[in-house]
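*Asks:* Got a sequence here, can you build the structure:
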Amino acid sequence: MIRVDNPDEFFLLQNQFSCIPFTQSEGWFCYQKSKRRNIHFWVDDLKNPKIACWGREHKIPLIGKKILQIEGECYEPDISEKTFRTFFTALGDLSYAGIEINSNSTYHVEFEVGIRRAGFLRPITLHSCPLSIEIDLNTSFNFDRNWHRNLNKAKKYQLSFFEVEKFDDDIVENIVQIFKEMSELKKLKYLLERESLAILLSSSDIRTFMVKNKENRIIAARIIYEHNRVLSDVFAANSNEARECGATFFLMDNILNLLKREEKLKFDFGRIPPSNNATDSIYVFKNATRGRKVQYNGEWVLYKRKWIEYLMFIYKQFVIKKQRY
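*Replies:* Reported below is the predicted structural model:
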């Protein structure tokens, strides 16, 4: 495993991969970097890389020790269990108190065998749902009755759909505010910040779509990532008004039909959180597309000391109260 110190060199190497998860993209890196996070890059080989990733350092509260958090990774489809094992073994040998990996790549059995043999385990509890829904944009859509019912409702409200080509402070502020409305309703644990969001929206691999009501006010937005004609959900922001008038369905329906006309290949809805609490509404909405349910590689951890693993579990479960899956 080789550490790459220059981000430009890393992303040049990364461009060789056919699939790049949005959490490993250059746009997402700029978004995370704007939050003043310390980020490092690794590849298995400089000439013919089979796997590459970047991750950010995180200080463990109270004790000050550092862990490395990695969201996803890029790897070639024909990668072997041996290559996975070698790479993750080298990651585990780095001088961090722990390594936390949350892979949003579609499940790969060689990945699981390799990462387990490198010493990684599933965390004590999952705090990120490893499930998603993919929509094949080359086939006819098969939305359920609830989807069509909401589209019919939306027709009564004179909504308008558009893709944002040029951003200004007002648009960024609108997204921040309607995301806040949604976050409060669904009891999410985070909000969007103006500065970092503006950086993300300006990235060349990010597309932003919006819906306005008849008073020309923005009531819903969706931010998606595109690479090699494959698109992924990044952020959705829906106001309370949007839920009442079917705007969330109207927005997504227009996006999917636009992508089909553009001859894109696939849309990944990101994570779906089926549950018996407020976030289940996200699953119900995405499942109305009748897309294909898929599993990600998901969460894996390696801690140098058992007590650090238990401390992180207590912190996530009882201090910041992350949802379990």
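*Asks:* In contact with Asp5, which residues are there?
*Replies:* Phe41 (Cβ atoms under 8 Å, 6 or more residues apart in numbering). In short, each C-beta sits where N, CA and C put it, glycine included.
*Asks:* what's the spacing between it and Asn38?
*Replies:* 13 Å (Cβ to Cβ, to the nearest Å).
*Asks:* got it, and Glu226?
*Replies:* Counting by Cβ to Cβ, the gap from Glu226 to Asn38 is 28 Å.
*Asks:* who's more crowded, the two?
*Replies:* The residue with more neighbours, out of Glu226 and Asn38, is Glu226; 18 against 13, by other Cβ atoms under 10 Å.
*Asks:* Tell me which helix or strand the more buried one sits in.
*Replies:* Applying DSSP states H and E as the criterion places Glu226 in strand 218-227.
*Asks:* Same question for Ser196.
*Replies:* Short version, using DSSP H and E: Ser196 is in helix 194-201.
*Asks:* Contacts for that helix, please.
*Replies:* In contact with helix 194-201 (Cβ under 8 Å, 6+ apart) are residues 27-28, 30-31, 34-35, 164, 167, 169, 172-173, 175-176, 206, 208, 223, 234.
*Asks:* cool, stretch 227-244 as well?
*Replies:* Under Cβ under 8 Å, 6+ apart, the answer for stretch 227-244 is 18-22, 25, 175, 178-179, 181-182, 185, 192, 200, 205-207, 211, 213, 219-225, 247-248, 251, 259, 263-270.
*Asks:* Give me the buried entries from those.
*Replies:* 20-22, 25, 175, 178-179, 181-182, 192, 200, 206-207, 211, 213, 219-225, 247-248, 251, 259, 264, 266-270 (16 or more other Cβ atoms under 10 Å).
*Asks:* quick one: which of those residues sit in strands?
*Replies:* Counting by DSSP state E, the part of the buried ones among the contacts of stretch 227-244 found in strands is 206-207, 211, 219-225, 266-270.
*Asks:* Those residues: which two are farthest apart?
*Replies:* Ile219 and Lys266 (27.7 Å; Cβ to Cβ).
*Asks:* relative to strand 218-227, how tilted is the longest helix along the chain?
*Replies:* Criterion DSSP state H: the longest helix present in the chain is helix 169-186. Here helix 169-186 runs at an angle of 100 degrees relative to strand 218-227 (axes from the mean of the first three to the mean of the last three Cα atoms, to 10 degrees).
*Asks:* And the biggest strand by length in the chain, what does it pack against?
*Replies:* Scanning the chain for the strand with the most residues, using DSSP E, yields strand 292-303. Under the contact definition 3 or more Cβ pairs under 8 Å, 6 or more residues apart in numbering; DSSP states H and E, strand 292-303 sits against strand 98-106, helix 109-117, strand 131-136, helix 306-314.
*Asks:* Can you list the buried residues in the second one?
*Replies:* Of the residues in helix 109-117, those buried by neighbour count under the rule 16+ other Cβ under 10 Å are 110-112, 114-116.
*Asks:* if you average pLDDT over stretch 278-293, what comes out?
*Replies:* Confidence over stretch 278-293 (mean pLDDT, whole number) is 91.
*Asks:* Use 514 as the first number for this chain going forward.
*Replies:* Taking 514 as the first residue, the last one we looked at is stretch 791-806.
*Asks:* tell me which residues of it are tucked away?
*Replies:* Judged by neighbour count using 16+ other Cβ under 10 Å, the buried positions of stretch 791-806 are 792, 795-796, 798-802, 804.
*Asks:* Give me the subset of those that lies in helices.
*Replies:* Going by DSSP H, the helices hold 795-796, 798-800 from those.
*Asks:* Among those residues, which one sits closest to Tyr670?
*Replies:* Phe798 (17.9 Å).
*Asks:* For that closest one, which non-adjacent residue is closest in space?
*Replies:* Sequence neighbours aside, Thr761 is the residue nearest to Phe798 in space, at 6.6 Å (criterion: Cβ to Cβ, 6 or more residues apart in numbering).
*Asks:* Just the closest of the buried residues of stretch 791-806 to Arg598, please.
*Replies:* For these, the residue nearest Arg598 by Cβ to Cβ is Gly804; the value is 32.6 Å.
*Asks:* Look at the nearest residue in space to Tyr823 that is not next to it in sequence and say how many residues are nearby.
*Replies:* Using Cβ to Cβ, 6+ apart and skipping the chain neighbours, the partner closest in space to Tyr823 is Ile637 (7.5 Å). Neighbourhood size, Ile637 [other Cβ under 10 Å]: 14.
*Asks:* and of the helices and strands packed on strand 805-816, who's closest to Asn810?
*Replies:* When those are compared (using Cβ to Cβ), the closest one is strand 611-619, at 3.5 Å.
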